[in-house]
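Colleague: just to be clear, the model below is a prediction. Sequence and coordinates:
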Amino acid sequence: MAVGLGGQVLVSNSTAALLTGVDLVDLGEHRLRDLSGAEHLFQVRAEGLATGFPLLKTVNAVPGNLPMQATSFVGRGEEIRELSELVRAHRLVTLTGVGGVGKTRLAVQVAAELVPNVGDGVWLVELVPVGDPAAVPDAVASALGIIVQAGMTVTASVANALAGRQLLIVLDNCEHVHRCCTTTPAIPFDTAWASYWEANARINAGRPDRCVEILTDLATRTGPARVMGLFRRVLGLAYAGRSGEAMAIADDGLNAARVHANPYWIANAYYGYGRAFTETDPARALDTFRVGLAYTRQHRVPFFEALIARDAAGLEAVHGDLDQALTLFTTSIDLFHQAGDPTDLAGTFAHLAVFFDRINRPEIAATLYGTTTHDPAVNMIIGFVAAVDHVRNTLDTDTFDHCAAAGAAMDTAEAVRYARTRIEAV
């Protein structure tokens, strides 16, 4: 039983009822890490076994308020392991994803797994009923039972109460109050983040020139804001078709990201660097993507692993290894699909359409084109517009329209199955 210590033998109540001739020490009821309910535990006492052990590190052995779950947690072992490692290594970890994907259940389960490592408690703060970002500190204080001190703000009272303590706090449903949730001394550039995400939105809307304007302004600031502007501007320029300008600042962007040692930023910079050189120096771009892939896997940055994999796949197909290209296409599809990211998944389908046009499979290319028609940003993908035009001219109008309509009618899961099947058939 995972809550036991080295040399300690524990059994549940149901197992104890089956044992005869065994001396058992009643340890009482304990909530285990699956959070599905309390379990009555006993310690086996026998000759040769140690008897003096510290209190069990079960969920109810430390302060906290993790809710009991109606069902056991099944699967997602790798996600639990990776997220647990991230929480141990970083003060702030954020889970993002579409609604209903299981973020809260995963976060609560990881919190339960980490109970033995957190001496002062594990707490869940529900932010769904909080309508005003300014009320987030009150919600935290209420959940942790912190009394606001005379002459101090709520935030100061919380900070004072938690000083020197080791806690794990799960803030659930932060999206409507995210500005307050990210207000920590480690992130003093909230307006920079707003500019950064606005620039990303411009790319997704097919307006890379506006993206470049925003990031150029960001690069004139100081500190982390300047770093974000530098490395992301490389990619913005590449998307805008200004590869000469992108190449000229690519080294500066990558070096700036490395100095700050943020894996997400470094992975981002690798992607922008490779994208800048894709058309004029594909060998250099492919080398950069290979290094970037190794980095994203080592540091577990799956979003940029998926992005780099799809761009590297196109270059591998022309300048490298075809089998590796097919593997990378599949990797990109699977990562974006698992993340519930249909926008970037459409980008991978667009890259695949270019690939299938190149190997003279126009019907497949036209069908994949159909799966992307909801996303205007795919037109910025190198070679995509030319490939679609070529497929139109290769097929008769009725065949092209039929294939494109079939692709457009697919839901995400159907499009993923279609793409993977065609890749496997190459």
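Modeller: Yep, that arrived. Note that the structure is predicted; figures quoted are calculated from it, not measured.

Colleague: could you check the distance from the closest residue to residue 403 other than its chain neighbours over to residue 15?
Modeller: Distances taken as Cβ to Cβ, 6 or more residues apart in numbering put residue 366 closest to residue 403, at 3.6 Å, once the chain neighbours are dropped. Heads up, the C-betas are built off the backbone N, CA and C, glycines and all. In this view, residue 366 and residue 15 are 61 Å apart by Cβ to Cβ, to the nearest Å.

Colleague: of these two, who's got more company?
Modeller: residue 366 (27 against 14; other Cβ atoms under 10 Å).

Colleague: let me see the contact set for the more buried one.
Modeller: Taking Cβ atoms under 8 Å, 6 or more residues apart in numbering, we find residue 366 in contact with 353, 391, 395, 399, 400, 403, 404, 407.

Colleague: scan these and report the most crowded one.
Modeller: Counting neighbours by other Cβ under 10 Å, residue 353 comes out on top of the contacts of residue 366 with 30 neighbours.

Colleague: and residue 279, how many neighbours?
Modeller: Here the number of neighbours of residue 279 (other Cβ under 10 Å) works out to 14.

Colleague: got the phi/psi numbers for it?
Modeller: Torsion angles at residue 279 (phi, psi; degrees, to the nearest 10) stand at phi -80, psi -40.

Colleague: quick one: name whatever helix or strand follows the helix or strand containing the residue nearest to residue 403.
Modeller: According to DSSP states H and E, residue 366 maps onto helix 362-370. Per DSSP H and E, the first helix or strand lying C-terminal to helix 362-370 is helix 384-394.

Colleague: got the angle between that following helix and helix 362-370?
Modeller: Using axes from the mean of the first three to the mean of the last three Cα atoms, to 10 degrees, the inter-axis angle of helix 384-394 relative to helix 362-370 is 130 degrees.

Colleague: what about the helices in the stretch 301-426 of the chain?
Modeller: All helices of the stretch 301-426 of the chain, identified by DSSP state H, counting those that start in this stretch, fall at 302-319, 322-338, 342-358, 362-370, 384-394, 397-408, 412-424.

Colleague: pull the third one out as PDB, backbone CA atoms only.
Modeller: The reference is to helix 342-358. The C-alpha coordinates for helix 342-358 follow below in PDB (Å, rounded to 0.1, in the frame of the first residue of the first chain):
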ATOM      1  CA  PRO A 342      -8.500  22.000 -33.200                       C
ATOM      2  CA  THR A 343      -6.900  25.300 -34.400                       C
ATOM      3  CA  ASP A 344      -3.300  24.000 -34.400                       C
ATOM      4  CA  LEU A 345      -4.500  20.600 -35.500                       C
ATOM      5  CA  ALA A 346      -5.800  22.300 -38.700                       C
ATOM      6  CA  GLY A 347      -2.300  23.600 -39.300                       C
ATOM      7  CA  THR A 348      -0.900  20.100 -39.200                       C
ATOM      8  CA  PHE A 349      -3.600  18.900 -41.700                       C
ATOM      9  CA  ALA A 350      -2.600  21.800 -43.900                       C
ATOM     10  CA  HIS A 351       1.100  20.700 -43.800                       C
ATOM     11  CA  LEU A 352      -0.100  17.200 -44.700                       C
ATOM     12  CA  ALA A 353      -2.100  18.500 -47.600                       C
ATOM     13  CA  VAL A 354       1.100  20.000 -49.000                       C
ATOM     14  CA  PHE A 355       2.900  16.700 -48.400                       C
ATOM     15  CA  PHE A 356       0.300  14.600 -50.200                       C
ATOM     16  CA  ASP A 357       0.100  17.000 -53.100                       C
ATOM     17  CA  ARG A 358       3.900  16.700 -53.400                       C
END
